[in-house]
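Q: Fold the following for me, if possible:
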Amino acid sequence: RMTLPMAAWRTTYTPGNWLVLAGPTMLVVMLPAPARASGLVNDLWRDIVSAQSVDGLLKLVGEVGLDGMPDFGAFFWDQSGLHGLARGRVRVVDTETGDVALEGSGSVLWNEASLGGTRHLRIDLEPGNQDEVLQLPLVVGAVAASAIYLTTAPDALVRFPTYEQLGVLPQIPTLGVRPRQRARAE
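A: Purely as a prediction, here's the structure:
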């Protein structure tokens, strides 16, 4: 038996300059932060990992002051699917159709979209040929990126095996069943 997915999506990134903070149901992209902001970025990442709703995301964005950043994107998964917010240079493209699913340019606050259930998206942050850059996996963590590939397809989600499957922990016997004892020679 496999465990539950580690996140609501599977993400891959190409290295770059934008800061990407990824949790199991929330992903935030923003311009790079200076080294002195390390403590704040780590606190923000912890909040992102434990976020439980779009309302929580909006509250967090306002509390930390991210709503004033000229370039910003946030994505959240809940029971109704994937939601996205974008401002400035953040652009989201459906990789199956090539259509723009969400774009941040031209918004005073941010553009918001319900992106639905199963999607294959690329979040463009910096110009460049993404096919010529190493693409690396990201489940939960923080990276510097030029683009993020995000899929919510159920068969693509990362599922780690259980400790029992890995052989790290022994199978626990069923309650009420005693292990056989060896017969003693008398």
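
Q: ok, residues contacting stretch 113-127?
A: Applying Cβ atoms under 8 Å, 6 or more residues apart in numbering, the set of residues contacting stretch 113-127 from outside is 16-18, 29, 73, 75, 80-84, 89-96, 101-102, 130, 145-154. Heads up, the C-betas are built off the backbone N, CA and C, glycines and all.

Q: So for that stretch, mean pLDDT?
A: Taken as a whole, stretch 113-127 has an average pLDDT of 90.

Q: How far does it stretch from one end to the other?
A: For stretch 113-127, the first-to-last residue distance is 23 Å (Cα to Cα, to the nearest Å).

Q: any idea how far it is from the chain center?
A: The gap between where stretch 113-127 is centred and where its chain is centred comes out at 12 Å by Cα atoms, centre = their mean, to the nearest Å.

Q: Please report the distance of residue 10 from residue 21.
A: 17 Å (Cβ to Cβ, to the nearest Å).

Q: Just name the shakiest helix or strand of the chain by mean pLDDT.
A: Averaged element by element with mean pLDDT, DSSP states H and E, the chain has its least confident helix or strand at helix 163-166 (a mean of 60).

Q: Next step: the contacts of stretch 113-127 restricted to strands.
A: Those of the contacts of stretch 113-127 mapping onto strands are 16-18, 29, 73, 75, 81-84, 91-94, 101-102, 145-151, per DSSP state E.

Q: could you pull out the helices for this structure?
A: In the chain, helices defined by DSSP state H lie at 38-50, 54-64, 163-166, listed in chain order.

Q: contacting residues around residue 137?
A: When contacts are counted by Cβ under 8 Å, 6+ apart, residue 137 is found next to 10-12, 158.

Q: Which two of these have the greatest separation?
A: Taking Cβ to Cβ, the two most distant members of the contacts of residue 137 are 12 and 158; they sit 10.8 Å apart.

Q: which sections of the chain are below the confidence cut-off?
A: Scanning the chain for pLDDT under 70 picks out the ranges 1-4, 162-186.

Q: give me that answer again for 80
A: Low-confidence segments of the chain, defined by pLDDT under 80, are located at 1-6, 52-58, 60-62, 64-68, 107-109, 128, 130-131, 159-186.
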